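Peer 1: Need a 3D model of the following:
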Amino acid sequence: MLDEAERSLHDALCVLSQTVNDTRVLLGGGWPEMAMAKAVDELARKTPGKRSHAIEALSRALVAIPTTIADNAGLDSAELVAQLRSEHHKEGSTAGIDVISGSVGDMTELGISEACKVKQAVLLSATEALEMILRVDEIITCAPRRREDHM
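Peer 2: Coordinates of the predicted model:
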């Protein structure tokens, strides 16, 4: 338990130092992930073929972040994410999960934000992992090469 507390404190200090170096912030509470998921869903609808399935999977992965925020707070994640998705279909929505009240709230009014630099690092790591998985999948599903008999 002490090791976990130490790791959490270290992570918080790293985020703080990154925020001091780059003061840009985003709204928190799952707002960025829901905004990105909405844009990715729109792209998936416009993309023909099997590629749309991969794009939809990215959208589901993005929605997993607000789901996890709600779950970690002991809230009904299915209900909150459904409400959040509904709010994000409104133009200019700044809705996110307010874990204090246990509801969807306006992140601008509540002053809930997170470091942009940290979000960039998380998205870069996730994108690199996704790309690696897709490359491995493409290699595995390729048709086998013809072998020539030399005997």
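Peer 1: which stretches of the protein form strands?
Peer 2: Using DSSP state E, the strands of the chain run over 25-27, 95-98, 103-106, 113-115.
Peer 1: I'd like to know which of the ones you listed is closest to Ala44.
Peer 2: strand 95-98 (21.6 Å; Cβ to Cβ). Yep, even glycine has a C-beta here, placed from its N, CA and C like the rest.
Peer 1: which outside residues touch the closest one?
Peer 2: Residues outside strand 95-98 that contact it (Cβ atoms under 8 Å, 6 or more residues apart in numbering): 27-31, 34, 66, 69-70, 73, 75, 80, 84, 87-88, 103-107, 110, 112.
Peer 1: could you flag which of these are buried?
Peer 2: Neighbour counting by 16 or more other Cβ atoms under 10 Å classes 27-31, 34, 66, 69-70, 75, 80, 84, 87-88, 104-107, 110, 112 among the contacts of strand 95-98 as buried.
Peer 1: Identify the residues contacting the residue nearest in space to the middle of the chain.
Peer 2: Centroid check for the chain by Cα atoms, centre = their mean gives Leu62 as the closest residue, at 3.2 Å. The neighbours of Leu62, taking Cβ under 8 Å, 6+ apart as the test, are Glu33, Met34, Met36, Ala37, Val40.
Peer 1: So which of the residues you listed is the closest to Val118?
Peer 2: Of all the contacts of Leu62, Val118 sits closest to Glu33, with 13.1 Å by Cβ to Cβ.
Peer 1: Do I have it right that that closest one meets Ile69?
Peer 2: No - look at Glu33 against Ile69 with Cβ atoms under 8 Å: they stay out of range, at 9.1 Å.
Peer 1: Residues touching stretch 43-57, excluding its own?
Peer 2: With Cβ under 8 Å, 6+ apart as the test, stretch 43-57 has contacts from Val40, Asp41, Ser59, Leu134.
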